[in-house]
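S.K.: here you go, sequence then predicted model.
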Amino acid sequence: ETGVTQTPRHLVMGMTNKKSLKCEQHLGHNAMYWYKQSAKKPLELMFVYNFKEQTENNSVPSRFSPECPNSSHLFLHLHTLQPEDSALYLCASSQESTGMNTEAFFGQGTRLTVV
Amino acid sequence: GQQLNQSPQSMFIQEGEDVSMNCTSSSIFNTWLWYKQDPGEGPVLLIALYKAGELTSNGRLTAQFGITRKDSFLNISASIPSDVGIYFCAGQLSVDYKLSFGAGTTVTVRA
């Protein structure tokens, strides 16, 4: 069983395209997260969802739009991205987003290249 | 999130060596986590620490939660080639339980 699954693994898109990243977790967790990982930088938290409700948006540009239809699925809709948005986008889940059980389990990531 | 200072940034290992890395912060943490990330993959949780002073092992890996609750270290004993990768520390802040990540330690095998 793969706990957190992300698709696609790789994505190349033009600056005028619209695409979506998908994440699914099979761990029965209630919190899901999007992180951005750029070379030589710490992981940047983008969005947090707890019980399907967005609880955190870390000043992410509106060209990134998250969607969480249920506790098991998380999407990141992308439109009019810039080349500097190229990065590894990681989805994670945890039992909860606050309190004691916030150990995050990560998916394999989507390597995004904006051309 | 709060700044976590992870060091060293990178290291070269010889097979069989013991290696050590650490994370420090000016903030107090409730939980310390250590992850490993292989190229092209997501981070995988190695060890979780929940109490100040706690020492936990996972095979050849040993991690400790510092007594001051502001630091943690990870040791790898008798390293093998598959230990290469990027190791991240993460701390859960005591004030808001948010996770902060270090910038990572890149471990490479010395030729």
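M.R.: Received it, and whenever you're ready, just let me know what you need.
S.K.: state the mean pLDDT of stretch B:83-97.
M.R.: Average pLDDT, stretch B:83-97: 88.
S.K.: please save the CA atoms from it in CSV.
M.R.: Only the C-alpha atoms of stretch B:83-97 are listed here, as CSV (Å, rounded to 0.1, in the frame of the first residue of the first chain):
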residue,chain,number,x,y,z
ASP,B,83,22.6,5.9,3.0
VAL,B,84,23.2,8.6,0.4
GLY,B,85,20.4,11.1,0.1
ILE,B,86,19.1,14.3,1.8
TYR,B,87,18.3,14.1,5.5
PHE,B,88,15.8,16.7,6.9
CYS,B,89,15.0,17.5,10.4
ALA,B,90,11.5,18.9,11.3
GLY,B,91,10.3,20.3,14.5
GLN,B,92,6.8,20.8,15.8
LEU,B,93,6.7,24.1,17.6
SER,B,94,5.4,24.1,21.2
VAL,B,95,3.4,27.4,20.7
ASP,B,96,1.3,26.4,17.7
TYR,B,97,2.2,22.7,16.8
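S.K.: pull out the buried residues from it.
M.R.: For stretch B:83-97, the neighbour count (16 or more other Cβ atoms under 10 Å in any protein chain shown) marks B:83, B:84, B:85, B:86, B:87, B:88, B:89, B:90, B:91, B:92, B:93, B:97 as buried. Every residue, glycine included, has its C-beta placed from N, CA and C.
S.K.: where does chain A have its least confident helix or strand?
M.R.: Lowest on mean pLDDT, DSSP states H and E among the helices and strands of chain A sits strand A:53-57, with a mean of 88.
S.K.: quick check: phi and psi on residue B:82?
M.R.: Residue B:82 has phi and psi values of phi -70, psi 0 when expressed as degrees, to the nearest 10.
S.K.: which residues does the residue in chain A positioned nearest to chain B contact?
M.R.: When scored by Cβ to the nearest Cβ, chain A has residue A:106 as its residue closest to chain B, at 3.6 Å. By Cβ atoms under 8 Å, 6 or more residues apart in numbering or on different chains, the contact set of residue A:106 is A:4, A:35, A:90, A:91, A:92, B:35, B:42, B:43, B:44.
S.K.: so what's the closest residue to chain A within chain B scoring on pLDDT?
M.R.: The minimum distance from chain B to chain A, using Cβ to the nearest Cβ, falls at residue B:42 (3.6 Å). With respect to pLDDT, residue B:42 scores 94.
S.K.: which residues of chain A lie near chain B?
M.R.: Chain A comes close to chain B at residues A:4, A:6, A:40-43, A:45, A:90, A:92, A:97-100, A:102-109, A:111, as judged by Cβ under 8 Å from any Cβ of the partner chain.
S.K.: just the buried residues of those residues.
M.R.: A:4, A:6, A:42-43, A:45, A:90, A:92, A:97, A:102-109, A:111.
S.K.: quick check: the residue nearest the centre of chain A vs residue A:16, distance?
M.R.: Centroid-nearest residue in chain A, with Cα atoms, centre = their mean: residue A:34, separated by 2.7 Å. Distance from residue A:34 to residue A:16, counting by Cβ to Cβ, to the nearest Å: 22 Å.
S.K.: sorry, back to before: hey, what's the residue of chain A closest to chain B bridged with?
M.R.: Going by DSSP bridges, residue A:106 is paired in beta bridges with residue A:92.
S.K.: ok so, going back, pull the most distant pair out of the buried residues of stretch B:83-97.
M.R.: For those, the maximum inter-member distance is 32.2 Å, found between B:84 and B:97 (Cβ to Cβ).
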